[in-house]
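>>> Sequence plus predicted model, see below.
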Amino acid sequence: MEYFYELFEALPRGGPGDNKSTKKAFNTIPKRPEQPLILDIGCGPGVQTIELAKLSNGRIIALDNHQAFLDKLTSNAKEEELLDHIVPTNISMLDMDFGENTFDIIWSEGALYFMGFQNGLRRCHQLLKNDGFLAVTELVYLVNNPPAPLIQYFEKEYPDIKPVKDKIDLIENERFHLITNFTLPESSWLDCFYLPMEEELTRLNKKYKSNKIALGIFEEMKNEINLYKKFSDFYGYEFFVMQRIN
């Protein structure tokens, strides 16, 4: 994992996303508390955490189990003079011990899948206050019949990937009311994530040119980038904003 983390610690974000999409999703939440208590699950280096602090004027528990990401978030929050609003917390999302009905809003960009999407929805339902809000980005097929090579790839990498409609059905079955959903633009993947990753991979491939283990990891990441460039019309991240049904 050390080579994986060395790559990701150098990137501005932990996955596809952008502040414009974060703001768009946040602004769809109706009747927000003036100072909401927010849980950001799998916050990574916290680009969206800082944006949420600016948008919400709330208190954000920023949760991740990799300390280097939290250190980066802390440093950036200090620079933005937002550290009073953000509590970096080193806990795995699998070990969350918050009380039920605690949070006004739960946020998770590209991370809830670690719990399994359905299990993540159920856990968030427990942690949210009555009529609280959940906003997540989740990997989806953008078409009903994706190409065979894509299906084969995700059967190994993320079997839970489904078309958007199937995810909406699951959301509603888990006692949430869907407020809105929209697809992240390609720029969220390329400009904000994969292009910086390509630059870092070039550097790391030179640094570890004799290390087969490291080079194998970097090749897998390069293959992931190439897959998206080839099949971006067929899959992506969908932003789902929903409200807890009691």
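Alright, I've got the coordinates.
>>> Phi and psi next, for the residue located most distally from the centre of the chain.
Most distant residue from the mean C-alpha position of the chain: Ser210, 33.0 Å away (Cα atoms, centre = their mean). Phi and psi for Ser210, reported as degrees, to the nearest 10, are phi -110, psi 10.
>>> Show me where the protein has its helices.
Applying DSSP state H to the chain gives helices spanning 2-9, 19-26, 47-56, 67-79, 117-127, 148-157, 164-173, 186-189, 195-207, 212-231.
>>> The fourth one packs against which elements?
In this case it means helix 67-79. Contacts defined by 3 or more Cβ pairs under 8 Å, 6 or more residues apart in numbering; DSSP states H and E place helix 67-79 against helix 2-9, helix 47-56, strand 59-64, strand 86-90. Where you see a C-beta, it was placed from the backbone N, CA and C, and this is true even at glycine.
>>> could you dump those to CSV with distance to Asp131 and mean pLDDT?
Shown next, in CSV, are those (distance: least, Cβ to Cβ, whole Å; pLDDT from 0 to 100):
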stretch, distance to Asp131, mean pLDDT
helix 2-9, 36, 95
helix 47-56, 17, 98
strand 59-64, 19, 98
strand 86-90, 24, 98
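>>> Compare the ones you listed and report which one is nearest to Asn76.
Asn76 lies closest to helix 47-56 among the helices and strands packed on helix 67-79, at 6.0 Å (Cβ to Cβ).
>>> in that closest one, what counts as buried?
Buried residues in helix 47-56, counting neighbours by 16 or more other Cβ atoms under 10 Å, are found at 47-53, 55-56.
>>> got it, and stretch 89-100?
Across stretch 89-100, burial judged by 16+ other Cβ under 10 Å covers 89, 93, 96.
>>> can you check stretch 124-138 too?
So, applying 16+ other Cβ under 10 Å, buried residues of stretch 124-138: 124-125, 127-129, 132-138.
>>> low-scoring stretches of this structure, by residue?
The chain contains no residues with pLDDT under 70.
>>> Identify the single longest strand in it, thanks.
Longest strand of the chain, by residue count under DSSP state E: strand 128-141.
>>> outside of stretch 155-174, which residues touch it?
With Cβ atoms under 8 Å, 6 or more residues apart in numbering as the test, stretch 155-174 has contacts from 113, 116-118, 121-122, 125, 138-144, 154, 178, 181, 235, 238, 240, 242.
>>> List buried members of these by neighbour count.
For the contacts of stretch 155-174, buried by 16+ other Cβ under 10 Å: 113, 117, 121, 125, 138-142, 154, 181, 235, 238, 240, 242.
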